[in-house]
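>>> sharing a model prediction with you, sequence too.
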Amino acid sequence: MGADRGPRIGLGLVLLATAATLLLGLAQKSPCIPGDWGGKQYRLLCYSDIIPLYHTEQLSEGRFPYLEAPNEYPVGTGLFMAAAAWPVRGFQAFFLSNVLLLSILGGVTSVALYLAVGRRALYFALAPTLLVYAFVNWDLLAVALATLGTLAYLRRRPVASGILLGLGAAAKIYPALLVVPFVAGRLRERRPDEGIHLAWSAAGTWLVVNLPFMLLAPRNWFEFFRFNSLRPVDWDSLWFSACHRLLGDPFWSSRPGCGRTAEVNLLSLLAFLALAGLLWWLRARREPDFPRWTLGFPLIVAFLLTNKVYSPQYRLWILPWFALALPRLRYWVAFAAADVAVFVTRFAWFGRNGVGDPGFEPGWTAAMAIGYFELAVVVRAVVLGACLVAWVRGETEAPDSIEVPRTEVAVA
């Protein structure tokens, strides 16, 4: 699965691989579907946000997000939740409804990647990260839209690209990051009109999706921004591990100093801007004419490494970019191994401490110390750092140079 050299692989096989991965992901989550958790969501590693949030977000009461109830997610994701909840009743049916819709989005992502880079789409289709996190939350919506937006960009359809990125940003913030390198790429090519069209269509689409709720239910619409501005650091972030080691308390966010949320917000933003700028400068210094759009990969990685929140499903954001910009098997394998290690140690540590479900027996998770989890987080950060170094060194292959045979799409 390096560059597109080697045996040709048809779209049918890519979709089959995607379906197999998602089916295994459903099997992995199946013990938690009945809802009688009592700690098995950690012992069996089958946790999913979708099941408890059916009640938490008041979907079980038939209340429409934002207009009738606040929602901690962006509008695009809230509307997706409502669409999944509309034809069903009960959290089990809601979960399976989401599985169907998210599986379609997984297939759409694989098709978009195949049309862009051919067989390299298998980096997404066969990813252990996809298996583990596809049905944990709703991020495949943003991933599919961002990937389609990237395909439209590569096919020189700036307005379509901007619309898709705007829709993605309405569901999750990260597709908005891609607007910067995509516009920079067109400016570098001396096609400023295309860059401008992309930017305004992305901003306009985001506004069209959000404006009705901004006007009709401003308080509920703003809940996402309020919630995230006040949110303490996430367990999987480097902020958590660093401050735990400094303060000696895994629940350090309630303490003064390092735990002041406003300070962490500012420092994480500054760290992101500094790292992103440094990576851009280093790559441009080494290769002045590098494809600017590939900066999307290090931008996402830099955001995840510096942000105070690194929710489990955020790993899905990176997967398409191993196919698009860093098609190197060793980095993909290293990331997959580190990511699975974080997944296992995270939820096992939750099981040991009864996080969110007090009073149950931890079982095998009783042996999981927080140090194992934090070590896995650090190892994953090192792997991602190595990926950034590889990108700076030019160990990439832009799909502009790859010709995907059109006849290949029709065969398995």
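That came through, no problem.

>>> only C-alpha atoms for contact and neighbour calcs from this point on.
Noted.

>>> from the contact counts, what lies against the worst-scoring helix or strand of the chain on mean pLDDT?
In the chain, no helix or strand scores lower on mean pLDDT, DSSP states H and E than helix 238-247, which sits at a mean of 85. With contacts taken as 3 or more CA pairs under 8 Å, 6 or more residues apart in numbering; DSSP states H and E, helix 238-247 sits against helix 296-306, helix 370-392.

>>> ok, which of the ones you listed comes nearest L45?
Each of those has some distance to L45 by CA to CA; the shortest is helix 370-392, at 14.3 Å.

>>> tell me the angle that closest one makes with helix 296-306.
150 degrees (axes from the mean of the first three to the mean of the last three CA atoms, to 10 degrees).

>>> buried residues in helix 370-392?
Buried residues in helix 370-392, counting neighbours by 16 or more other CA atoms under 10 Å, are found at 370, 372-385, 387-389, 391-392.

>>> how about residues contacting it?
Contacting residues not belonging to helix 370-392 are listed as 236-238, 241, 279, 282-283, 286, 298, 301, 305, 326, 331, 334-335, 338-339, 341-342, 345-346, 349, 396 [CA atoms under 8 Å, 6 or more residues apart in numbering].

>>> emit the PyMOL select command for whichever of the residues you listed are buried.
The PyMOL selection below is limited to those of these classed as buried (16+ other CA under 10 Å):
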select buried, resi 236+237+238+241+279+283+298+301+305+326+331+334+335+338+339+341+342+345+346+349+396
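
>>> re earlier: CA atoms of the least confident helix or strand of the chain as CSV?
Written as CSV, here are the backbone C-alpha positions of helix 238-247 (Å, rounded to 0.1, in the frame of the first residue of the first chain):
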residue,chain,number,x,y,z
LEU,A,238,-0.9,15.7,26.2
TRP,A,239,-2.2,18.5,28.5
PHE,A,240,-3.7,15.9,30.8
SER,A,241,-0.6,13.8,31.1
ALA,A,242,1.7,16.8,31.6
CYS,A,243,-0.4,18.4,34.3
HIS,A,244,-1.1,15.1,36.0
ARG,A,245,2.6,14.6,36.4
LEU,A,246,3.1,18.1,37.6
LEU,A,247,0.3,18.1,40.1
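
>>> gap between that helix and the chain center?
With CA atoms, centre = their mean, to the nearest Å as the basis, helix 238-247 stands 23 Å off its chain's centre.

>>> give me the next element, helix or strand, following it.
helix 261-286 (DSSP states H and E).

>>> report all helices and strands that that following helix contacts.
Secondary-structure packing of helix 261-286 (3+ CA pairs under 8 Å, 6+ apart): helix 223-230, helix 296-306, helix 370-392.

>>> could you dump those helices into CSV with mean pLDDT and distance to L151 added?
Conversion of these to CSV gives the following (pLDDT from 0 to 100; distance: least, CA to CA, whole Å):
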stretch, mean pLDDT, distance to L151
helix 223-230, 92, 29
helix 296-306, 97, 13
helix 370-392, 96, 20
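
>>> mind putting the ones you listed into a markdown table with distance to A274?
Below are the helices and strands packed on helix 261-286 laid out as a markdown table (distance: least, CA to CA, whole Å):
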| stretch | distance to A274 |
| --- | --- |
| helix 223-230 | 21 |
| helix 296-306 | 9 |
| helix 370-392 | 14 |
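
>>> out of the ones you listed, which gets nearest to T129?
The nearest among the helices and strands packed on helix 261-286, by CA to CA, is helix 370-392 at 12.7 Å.

>>> the closest one vs helix 261-286, what angle?
Put simply, helix 370-392 runs at 30 degrees to helix 261-286, going by the same axes, to 10 degrees.

>>> any stretches of the chain with poor pLDDT?
Within the chain, the ranges that satisfy pLDDT under 70 run 1-7, 248-259, 354-361, 397-412.

>>> quick one, strands of it?
Here the chain has no strands by DSSP state E.

>>> hmm, back to that, could I get the helices and strands packed on helix 238-247 as CSV with distance to T261?
Below are the helices and strands packed on helix 238-247 laid out as CSV (distance: least, CA to CA, whole Å):
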stretch, distance to T261
helix 296-306, 14
helix 370-392, 21
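
>>> looking at those, spot the one closest to V143.
Nearest to V143, of all the helices and strands packed on helix 238-247, is helix 296-306, at 11.9 Å by CA to CA.

>>> hey, C-alpha coordinates of that closest one in PDB?
Coordinates of the C-alpha atoms in helix 296-306 are reproduced here as PDB (Å, rounded to 0.1, in the frame of the first residue of the first chain):
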ATOM      1  CA  GLY A 296      -3.900  19.700   5.600                       C
ATOM      2  CA  PHE A 297      -2.200  16.600   7.100                       C
ATOM      3  CA  PRO A 298       0.200  18.400   9.500                       C
ATOM      4  CA  LEU A 299      -2.500  21.000  10.400                       C
ATOM      5  CA  ILE A 300      -4.800  18.300  11.700                       C
ATOM      6  CA  VAL A 301      -2.000  16.500  13.500                       C
ATOM      7  CA  ALA A 302      -0.700  19.800  15.000                       C
ATOM      8  CA  PHE A 303      -4.300  20.600  16.200                       C
ATOM      9  CA  LEU A 304      -4.600  17.200  17.900                       C
ATOM     10  CA  LEU A 305      -1.300  17.400  19.600                       C
ATOM     11  CA  THR A 306      -1.800  20.900  21.000                       C
END
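
>>> list of residues touching that helix?
Contacts to helix 296-306, defined as CA under 8 Å, 6+ apart, come from residues 174, 177-178, 181, 237-239, 268-269, 271-272, 275-276, 279, 310, 314, 317-318, 321, 325, 381, 384, 388, 391.

>>> go again with 6 Å.
For helix 296-306, the surrounding residues in contact (CA atoms under 6 Å, 6 or more residues apart in numbering) are 178, 268, 272, 276, 321.

>>> so which two of those are the farthest from each other?
Every pair of the contacts of helix 296-306 checked by CA to CA; the farthest is S268 and W321, at 22.9 Å.

>>> so which residues of the stretch 101-250 of the chain form helices?
Counting by DSSP state H, counting those that start in this stretch, the stretch 101-250 of the chain has helices at residues 122-125, 128-133, 140-154, 158-171, 175-188, 192-216, 218-221, 223-230, 238-247.

>>> in the fifth one, which residues are buried?
Put plainly, it is helix 175-188. Within helix 175-188, the residues scored as buried using 16+ other CA under 10 Å are 175-187.

>>> could you do the last one as well?
Within helix 238-247, the residues scored as buried using 16+ other CA under 10 Å are 238-241, 243-244.
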